Structures are given as C-alpha cells and as structure tokens.
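Participant: My questions are about this predicted structure, shown below with the sequence.
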Amino acid sequence: MSPLWIRLIYWPGTLSASAVVAAAGVWTLPWAATRRRGLAAWVVVVAVLSVLTYPPVGGLLLIAAAVHLRNRPWKDLLLLVGGFLVGFATGVVVVSVANLVAFGSFGPEIAAWRNPNQLGSLGDLLVNARRYKRQLLGIRTTLGPAGVVGLVSAVLALLDPRVRPVLLKVFLAVAVVAGLECAQTLVTGVRTNVRGSLWAWLAVVLPGALLLAGSTWSRRAGQASLLVLAVIGLFAWRSDIGAHQATKRGYDDIVASAVQSSASDPAREVVFFQDPAERRTARGQITAGTLRMMFFEEAGVVVRWCRASECTQLASRADQGPVHDLGSVTGVVVPSPPAVL
C-alpha cells in the first residue's frame with residue numbers, strides 16, 4: 001500500500017518485464033543464499049536484469065536480500081553489496097553497448113526536456129546536488145505521515161539491542177540504493193519521479209517489521225507502526241486512484257466535446273494549444289501525448305499543434321474551458337499536468 005508504488009500501476013506496459021524479474025529474484029533468493037557463491041551469482045544476475053528492465057527493482061531485491069541475510073555475518077552482506085554494484089555496472093555497460101550498436105552512441109542520449117546538466121565542474125556538482133535535494137523533499141512530501149512513523153520506528157529499533165544489528169544491515173542496503181539514485185542525478189543532473197524511489201517505502205516499513213523480533217515493547221510498537229502504515233497506505237491508494245480516475249473522465253469529456261463539435265465536418269482538424277512553459281517540461285509533454293493518443297484511439301483523430309494565429313486565440317480563451325470553435329478548426333487547450341506526473 002505504498003503511496004509511491006501506486007503510481008507505478010499507470011505504466012504496466014513498461015513494468016511488466018521488471019515485475020517478472022522481481023518475482024523471479026524473490027523466489028530464487030532462499031535457494032541462492034544457501035552458499036556464498038550462489039548468492040554472489042544471484043545478486044549479479046538480478047542486478048543486470050533489473051538495469052535492463054527497470055533499475056529501481058534491483059534496489060528492492062538488494063534490500064530484500066539484506067533482510068533475508070539479517071542473521072548472517074557482515075561479510076556476507078558486504079559480498080552481497082559488492083556483487084550488486086558489479087552487476088549494476090555491468091548492466092549499464094550492456095545497455096550502453098546495445099545503444100552503440102543500434103544507434104551509434106555509447107549510452108542513451110538524454111532528451112533536452114529532461115533538463116540534463118552533465119557533471120563537468122564544481123558548479124555543476126552544486127547544481128545537481130540541489131536537484132537531488134528537491135528529489136528528497138518530493139519523497140518526504142509524498143510519504144507524509146508515513147515518513148514520521150518510519151522514523152519513530154527506526155529510533156525504537158536502534159534502542160533495542162536485539163533489533164539494532166539487523167536494522168543497521170538493512171539500512172546499509174538502503175543507503176547503497178539511495179546512493180546510486182543520488183549518483184545518477186549528480187552525474188547527469190536528471191531527477192527521477194518519486195514513483196521510481198521504491199526504496200523509500202521499504203525504508204519506512206522495515207523498521208516496524210523488524211521490531212516484531214525485539215522485546216515485548218518493541219513488538220507492540222512494531223505492530224502499531226505497521227497498522228498505522230497500512231491505514232496511511234490504504235488512504236493514499238484510494239486518494240491517488242480516485243484522482244487518476246477523475247483525470248481520465250476529464251480527458252474523456254474533452255475528447256467527446258471536441259469530436260462532437262467536428263461531427264458535421266469529418267475533415268475538420270483538431271489542434272492543440274499548451275502553455276509554452278508546460279510544453280517544455282516532461283510532465284507537460286506526457287499530458288499532451290496522453291490526450292493526443294486518446295483522440296486517435298477513441299475517435300481516429302490525428303491532432304496537430306496550433307499555428308501562430310490559432311495559438312493566440314486559444315491562449316486568450318484558455319480560462320473559458322478546454323474546447324473552442326475557431327471557425328475552420330476545433331481548438332483544444334491541453335489541461336495542466338495532473339499531480340500523478
């Protein structure tokens with residue numbers, strides 16, 4: 001019931017392969033962990049496959065393995081972390097080589113709308129560090145009260161000598177995953193959406209779960225923590241899905257209204273206008289792309305962007321509604337990006 005993970009269900013086509021990797025990784029972990037060589041091979045393979053599908057899933061598997069090894073020596077955990085970093089780097093190399101073969105460039109080129117800022121000086125480092133700070137603030141805002149519950153649980157776990165060693169091992173894995181995410185932003189300047197910070201929810205939930213193995217008071221605190229997190233997560237899911245459905249209904253109304261206004265003239269064009277500032281952002285482009293796809297799939301209409309005179313008219317009417325009759329064409333003002341983006 002993670003407030004972060006709920007947003008992943010809106011991208012099923014992209015995440016299907018990574019879900020298979022995650023499931024296979026969890027199923028094979030107990031078998032692989034019986035021997036150090038098996039564990040090393042397991043973590044390298046799942047890290048490579050995660051990078052080739054959806055990298056944040058690799059972080060989940062590393063943290064899951066750290067929990068599984070909670071009573072094993074630190075040496076085994078360090079072996080696990082080292083193997084994960086090797087596998088992650090190998091996956092990045094494989095992706096870069098594949099991109100070189102397919103497109104002639106070693107590594108994917110970052111689109112301009114992602115506002116990259118390649119690390120080249122101390123000034124770039126400071127700029128990118130501030131960007132990752134905003135990433136962390138976004139995670140904190142999305143987690144909300146759940147973050148406070150997780151912090152309290154972590155403090156209680158550190159105070160319990162039975163739980164403290166295990167928590168430190170798990171938090172080492174969390175720190176490695178968060179560090180990789182941070183390194184990406186420091187090097188490229190690109191921030192990921194909070195839905196990609198899957199490690200954050202585990203960092204919130206696991207302290208409460210680990211408290212269940214502690215003293216009597218720790219177990220009670222752990223049970224209370226997990227109950228509160230379940231309630232918070234449930235309300236977050238309900239709210240997020242409700243907002244998503246409302247957005248979908250709004251887009252359906254826009255498509256239906258625009259198509260109806262053009263019903264008498266099948267050749268009549270539908271044109272888009274979007275606030276220039278939003279059109280330059282990833283969220284704005286996704287919003288416009290989603291609406292464009294809906295026009296084509298639901299009505300067979302291929303939309304184009306407005307020309308100068310059309311844009312001027314639509315900009316002046318933007319606060320009067322999304323659909324406008326411009327005489328020769330039907331104009332649609334693309335709505336502001338939804339919060340889910």
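Facilitator: Perfect, I can see it now.

Participant: CA only for contacts and neighbour counts going forward, please
Facilitator: OK.

Participant: For residue 331, which three-state class applies?
Facilitator: strand (DSSP: H, G, I helix; E, B strand; the rest coil).

Participant: wait, it sits on residue 273?
Facilitator: Yes: between residue 331 and residue 273 there is a contact at 7.2 Å, judged by CA atoms under 8 Å.

Participant: hey, what's in contact with both of these two?
Facilitator: 306, 314 (CA atoms under 8 Å, 6 or more residues apart in numbering).

Participant: Now do the residue located most distally from the centre of the chain, the pLDDT please.
Facilitator: Of all residues in the chain, residue 264 has its C-alpha farthest from the mean position, at 43.2 Å, by CA atoms, centre = their mean. Among the per-residue scores, residue 264 shows a pLDDT of 70.

Participant: and it, what helix or strand is that in?
Facilitator: Taking DSSP states H and E as the definition, residue 264 sits outside all helices and strands.

Participant: Quickly note the distance from it to residue 300.
Facilitator: Computed as CA to CA, to the nearest Å, the residue 264 to residue 300 distance reads 15 Å.

Participant: got it, and residue 73?
Facilitator: On the measure of CA to CA, residue 73 and residue 300 end up 61 Å apart.

Participant: surely residue 164 meets residue 155?
Facilitator: No: if you go by CA under 8 Å, residue 164 and residue 155 don't touch, sitting 9.5 Å apart.

Participant: okay, those two: which has more neighbours?
Facilitator: residue 164 (19 against 12; other CA atoms under 10 Å).

Participant: Quick one: list the elements packing against the longest helix that the chain contains.
Facilitator: Scanning the chain for the longest helix, with DSSP state H as the assignment, gives helix 216-261. Judged by 3 or more CA pairs under 8 Å, 6 or more residues apart in numbering; DSSP states H and E, the packing partners of helix 216-261 are helix 145-159, helix 199-211, helix 282-299, strand 323-325, strand 329-333.

Participant: helices or strands up against the first one?
Facilitator: Helices and strands touching helix 145-159, by 3+ CA pairs under 8 Å, 6+ apart, are helix 164-188, helix 199-211, helix 216-261.

Participant: now the longest one
Facilitator: Using 3+ CA pairs under 8 Å, 6+ apart as the contact criterion, the secondary-structure elements in contact with helix 282-299 are helix 216-261, helix 276-279.

Participant: Can you say which of these is nearest to residue 128?
Facilitator: Evaluated with CA to CA, those place helix 276-279 nearest to residue 128, the distance being 21.3 Å.

Participant: got the contact list for the closest one?
Facilitator: Residues from elsewhere that reach helix 276-279 (CA under 8 Å, 6+ apart): 284, 285, 336.

Participant: and if you look at stretch 190-199?
Facilitator: Residues contacting stretch 190-199 (CA under 8 Å, 6+ apart): 4-8, 56-57, 59-60, 63, 114-117, 128, 131-132, 135, 138-139, 142, 174, 177-178, 181, 184-185, 341.

Participant: I'd like to know which of these are buried.
Facilitator: The neighbour count (16 or more other CA atoms under 10 Å) marks 4-7, 56-57, 59-60, 63, 114, 116-117, 128, 131-132, 135, 139, 142, 174, 177-178, 181, 185 as buried among the contacts of stretch 190-199.

Participant: Need the helices and strands packed on helix 145-159 in JSON lines (columns: mean pLDDT and distance to residue 277).
Facilitator: Putting those into JSON lines (pLDDT from 0 to 100; distance: least, CA to CA, whole Å) gives the following:
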{"stretch": "helix 164-188", "mean pLDDT": "95", "distance to residue 277": "22"}
{"stretch": "helix 199-211", "mean pLDDT": "95", "distance to residue 277": "30"}
{"stretch": "helix 216-261", "mean pLDDT": "91", "distance to residue 277": "21"}
